[in-house]
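Asker: Quick one: sequence plus predicted model below, questions after.
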Amino acid sequence: MDSITIEEEDEEALASLVPVPPRRKTHSYSQQFDLKPHHQIRKHSLDEVPRSTTLGAEAVYFDSSDDEFSTGGGLIVNGEGDCDGSGGGEDYAVVKPPPNVGVGEDDLEPLPEFIGAGGGAGIFKVPVRAAVHPGRPPCLELRPHPLRETQTGKFLRNIACTDTQLWAGQENGVRFWNLEEAYEAGCGIGGQVRRGDEDTAPFHESVTTSPTMCLVADQSNKLLWSGHKDGKIRAWKMDQPCASDDSNPIKERISWQAHRGPVNSIVISSYGDMWSCSEGGVIKIWPWDLLEKSLLLKPEEKHMAALLVERSAIDLRSQVTVNGTCSISSSEVKYLLIDSVRAKVWAVQSLSFSIWDARSKDLLKVLNVDGQVECRVDMPPTQDQQADEEMKAKFFSASKKEKSPGFLQRSRNAIMGAAGAVRRVATRSAGGFAEDTRKTEAIVLAVDGTVWTGSMSGLIVQWDGNGSRLRDVNHHHRPVLCFCTFGDRIYVGYASGYIQVLDPDGKLIASWVSHNEPVIKLAAGGGFIFSLATHGGVRGWYVTSPGPLDSIIRTELSQKEASYARQDNVRILIGTWNVGQGRASHDALISWLGSVTSDVGIVAVGLQEVEMGAGFLAMSAAKETVGLEGSAVGQWWIDAIGKALDEKNTFERMGSRQLAGLLISLWARKEIRTHVGDLDVAAVPCGFGRAIGNKGGVGLRIRVYDRIICFVNCHLAAHLEAVNRRNADFNHIFRLMVFSRGQNLNNAAAAGVSTAAYTLKTTTNPSTGTEEVKSDLAAADMIAFFGDFNYRLFGITYDEARDFISQRSFDWLRERDQLGQEMKAGKVFQGMREALITFPPTYKFERNRSGLGGYDSGEKKRIPAWCDRVIYRDTQSSPFSESNLQCPVVSSVIMYEACMDVTESDHKPVRCKFHATIAHVDKSVRRQELGKIIRSNEKIISIFEDLKFVPETTVSTNNIVLQSQDTVILTIANNSTTSKAIFSIQCGGHAIVREDGEEPDYNSRGSFGLPRWLEVSPAAGMIKPEGSVDVKVHHEDFHTMEECVDGIPQNWWCEDTRDKEAILVVNIRGSCSTTSTSHSIKVRHCFSARVCLLESKPTNLTKKLGGSRRYPTDISRNASTRPKTQDSVKRGKS
């Protein structure tokens, strides 16, 4: 149908509903008739991919299929890209299939096709594919990307790694992989593995629990601690035996109720105590001594163990609250970080940090994200902020009125009012305000002792150990979601799917797209950097990447393509119909769709003008502003089409998207349902200042056999002369269509994980500060555009068109088709294909009149036109290519026709059937092949051997004797002339010296924590070649013991007069070492008979080990209470 003509000033007023893109340059209408000479199609090999020296020339596109290809963006090493493409436009062509070539089991012959010009450049270029991704380092796919629909209630949320195991927290418990089995084949559907894990490396799962929020590994006690949404903390034994068939899920060792709300983060401090945090600014400490006691109880005494731990909690918030005023904010504590260098703990809230002493549990400093020290941050929220903003909006709106409003201006005001009302209701119900992009989303301790934080804006900030802001870096303008470190490298995971590698100074070493969804967790161990994406896929990146190892693996793995390449065929039916606000009978839907679906696997249906009218458009625009869509009429159509497709028995409804009068919906045959999923939706309005959905496009994106197919239903600008506007509408839709999880998906898995809010779909060049809009459509393996494109026949009268139609002279009419001419000129649907039209024009008819005599004969006598079309693009660079991993989706049209017997609208419905051959990877087999390469290739074995190098170091003494408040200097020297040495000092065990002279029994605290009487500073760091570092080993009197009853510390003075010993273990690694060496140093404290004031212990309390109290004001943490002498600080000697 024709659209309303909008005056310039009214269009400007209506455009204020949403940001208006820059007006595009247009060409004169006459230019479309300048035909280019016919040229043969350009042919080239996919191996001959043009490369450029920098990535800044083109946008970086994400890996939409999460498989092996790049589309103009790739691996960045030291700011330079090694995978990019550019090329000139292709000329149009008409191609016919080779003779006697059929597709499918019924051997149907493909139809001849018309290919538009301009498909060889920019975002219209066919994306490059390869057996192994050319734009990123090869990786171990421990858990290939599972279909989202299979993960409902089971999404992975976080990971933690040791040298031998990778643990993952999921929404229903925990699981772990033994890394020695990482290259083994998946268990397959025949085993006990559920859908989504068929190709996952062998793993073991726990019993069902509440969703896991955080994980921390305690290697000293071989325990994995997990925090859960129900407020519980659970412990799992790392070395427990598991049945090979996983018939007995692993069970927790102990658990207790730690918080009322979810446990957001757990860490184990330098002194072995566990710290946890939750909502309301709550931070709790669980002393190791009580945890150790609970672990010694028998499994049948779990209730007693839980009670023992729960009563030991130290609530830090209550300790820093005086007269009702708390020194830390009441906002949620999201993360905790152990500063093992200085024995501190950082607590991260959205816009502030608090720094605590791990030994004394004192609050040292509170600062905001800008580095400013705060004395009090618990500020009440501003209640009138939203009202003030609304008053400002009304004031400025009123001040801009310069003339009395016309009809469209009043319509615009009505739409704005409706949108505002819906938005206010949604905002009040959600309690939502715009998020501050300064919010901290990740924190990590670097090897040099500095702390790095990442924010939603992409800003990364370096802090020293005292909370002073050192430097800011920003290599990517997307939210930073996670960090991890290995050696002297810092790995950053972004919401865009990027991983970046930084050096200790924050300089960018490398960058690549690791997943097609946000990277929510990173973990290092076993020679890998493991990444977890929101969809649940887990990949392991070799610590040497990027480096020589990558090219060796890529070459070897590509040569084994035949062993893991697979092919499947699927037929796709696309239907499009402008229903003109009417409804169709069941018989009409059967005639259009139901009669041709016997061999079809996927059905995509697009409708236009489902519902129109000013009131409906206004409400639709208002609902879109708060993410609401759909209508009762649209639902009627979906149900009616589903009934015609026999969806209860044959097809399963996947999802839909409605934008005003535009509706798209998709069904998949139940037999292939296990290979179809990850459905996302999109909408781009093009009407009324690019704000209203009377014109525009709605899209669905889906994974089919691990390849991405996009379906886009369009309704473009009307009127014979509006060719340039139609071209601009297509360009606007193609560039701005952004897919996300929608509301109208048939499967509840659309909800996904909480980080879905971070799936922002614009991309930033990682090496520069420039941003470009990412086209989701450009990255797809196959795109199908269909709908009422509104292109007309030109240079012909109504009567001439009717004569040619009656004679079925469609060849001549095609020469007068606006869309064909624009595609020849490369101005629209660049490089895309359409089967040659052999059916009559589908517009405009009188309703309920059958046959060709039904064309509009009214006063306007609109010239018949092929308004309703289906145009597509796959991965073929030349027609009728063979399907393989370099050209994974090869499609051909085997039916393209209009249903002339359907009369319920002024348009005729059109249907198009494709036969698609899809090449994909058996990822379980490819992982096995990768394992064989790793174990057999001599060059790779040599590279891994080199990673075992550890610089030679020496320590100044192996024995240290301390008296009260003594300090001894331990010197660690790096003897290497070329390599940096990374050291960390832990306590291998501590004991009370036995009076009989026998060897004492050494016990280790959590994560090899230090005993409370011993301070080591710095306890970690980096030593330059031929350099050394002095470490202070200090004895601190420990007079205070705490007994906590219901979270309240009970204090008394006492003094342990026994001599004590500890074994310090100095671990040494290289800057990229996968192994370590160590030095053992025995530290003995000999009691000095110094007088100490004792208080009597309350009789109603039992003794608790491991607590601490705040020191009196005259005793500082690093100072002695006795006068210093020359013997107070000694230098250790060998």
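Answerer: Yep, it's here.
Asker: Nearest to the spatial middle of this structure, which residue is it?
Answerer: residue 518 (1.3 Å; CA atoms, centre = their mean).
Asker: Quick check: closest non-adjacent residue to that residue.
Answerer: residue 495 (4.3 Å; CB to CB, 6 or more residues apart in numbering). C-beta here means a position set from N, CA and C on the backbone, and glycine is covered the same way.
Asker: residues near that neighbour, how many?
Answerer: 24 (other CB atoms under 10 Å).
Asker: oh, and call the first residue 465 from now on, that's how I've got it
Answerer: With 465 as the first residue, the last one maps to residue 959.
Asker: and it, what pLDDT?
Answerer: Looking at residue 959, its pLDDT reads 95.
Asker: Quick one: low-confidence residue ranges for this protein.
Answerer: 465-554, 564, 652-657, 707-711, 839-899, 1089-1091, 1206-1238, 1461, 1502-1521, 1552-1598 (pLDDT under 70).
Asker: at 50 instead, please
Answerer: For the chain, the stretches with pLDDT under 50 are 465-529, 532-537, 545-553, 653-654, 841-867, 885-897, 1210-1237, 1504-1519, 1553-1592, 1598.
Asker: mind listing what residue 1040 touches?
Answerer: By CB atoms under 8 Å, 6 or more residues apart in numbering, the contact list for residue 1040 reads 1069-1072, 1177, 1250-1252, 1332-1334, 1373-1375.
Asker: Now distance to residue 1267 too, for those, in a markdown table please.
Answerer: Shown next, in a markdown table, are the contacts of residue 1040 (distance: CB to CB, whole Å):
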| residue | distance to residue 1267 |
| --- | --- |
| 1069 | 34 |
| 1070 | 31 |
| 1071 | 32 |
| 1072 | 29 |
| 1177 | 33 |
| 1250 | 29 |
| 1251 | 28 |
| 1252 | 25 |
| 1332 | 22 |
| 1333 | 23 |
| 1334 | 27 |
| 1373 | 25 |
| 1374 | 23 |
| 1375 | 27 |
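Asker: For residue 837, state which of these is nearest.
Answerer: The closest of the contacts of residue 1040 to residue 837 turns out to be residue 1177 (CB to CB; 56.3 Å).
Asker: does that closest one count as helix, strand or coil?
Answerer: Secondary structure state of residue 1177, per DSSP: H, G, I helix; E, B strand; the rest coil, is strand.
Asker: beta partners of it?
Answerer: In this entry, residue 1177 is beta-bridged to residue 1162, residue 1250, by DSSP bridges.
Asker: my guess is the residue nearest to the centre of the chain contacts residue 996, does it?
Answerer: No. With contact defined as CB atoms under 8 Å, residue 982 does not reach residue 996; the gap is 9.7 Å.
Asker: Make sure residue 1005 is indeed in a strand.
Answerer: Yes. Per three-state DSSP, residue 1005 lies within a strand segment.
Asker: Pull up the gap between the closest residue to it other than its chain neighbours and residue 978, please.
Answerer: Closest residue in space to residue 1005, ignoring its immediate chain neighbours: residue 993 at 4.6 Å, by CB to CB, 6+ apart. Counting by CB to CB, to the nearest Å, the gap from residue 993 to residue 978 is 9 Å.
Asker: any shared contact partners between these two?
Answerer: In contact with both residue 993 and residue 978: 963, 1005, using CB under 8 Å, 6+ apart.
Asker: give me every residue that touches the residue nearest to residue 1005.
Answerer: Counting by CB under 8 Å, 6+ apart, residue 993 touches 948, 950, 955, 963, 986-987, 1004-1007.
Asker: Closest to residue 1299 out of the residues you listed?
Answerer: So of the contacts of residue 993, ranked by how close each gets to residue 1299 (CB to CB), first place is residue 963, at 42.3 Å.
Asker: which residue packs closest to the closest one, ignoring adjacent ones?
Answerer: residue 978 (4.4 Å).
Asker: and the one you found, how many neighbours?
Answerer: 28.
Asker: now the helices for the stretch 1165-1314 of the chain?
Answerer: Using DSSP state H, counting those that start in this stretch, the helices of the stretch 1165-1314 of the chain run over 1187-1200, 1262-1270, 1274-1279, 1282-1288.
Asker: What lies in contact with the second one?
Answerer: Helix 1262-1270 is contacted by residues 1257, 1260, 1274, 1276-1277, 1304-1305, 1316, 1319, 1325-1328 when judged by CB under 8 Å, 6+ apart.
Asker: what's the answer for the shortest one, then?
Answerer: Contact with helix 1274-1279 is made by 1257, 1260, 1265, 1268-1269, 1284, 1300-1305, as judged by CB under 8 Å, 6+ apart.
Asker: Which member of these is positioned nearest residue 1497?
Answerer: Using CB to CB, the contacts of helix 1274-1279 come closest to residue 1497 at residue 1284, 83.3 Å.
Asker: do you know how far residue 813 is from residue 1168?
Answerer: Distance from residue 813 to residue 1168, by CB to CB: 44 Å.
Asker: ok, residue 1137 - how many residues close by?
Answerer: 15.
Asker: what about the nearest residue to it once chain neighbours are set aside, which SS state?
Answerer: Leaving out its chain neighbours, the residue that sits closest to residue 1137 by CB to CB, 6+ apart is residue 1116, at 5.5 Å. Here residue 1116 is recorded as strand under three-state DSSP.
Asker: right, and residue 1116 touches residue 1138 too?
Answerer: No. Taking CB under 8 Å as the definition, residue 1116 is not a contact partner of residue 1138, at 10.8 Å.
Asker: buried stuff in stretch 1262-1270?
Answerer: 1262, 1265-1266, 1268-1269 (16 or more other CB atoms under 10 Å).
Asker: Repeat that for stretch 1453-1473.
Answerer: Applying 16+ other CB under 10 Å to stretch 1453-1473 flags 1453-1455, 1457, 1468-1473 as buried.
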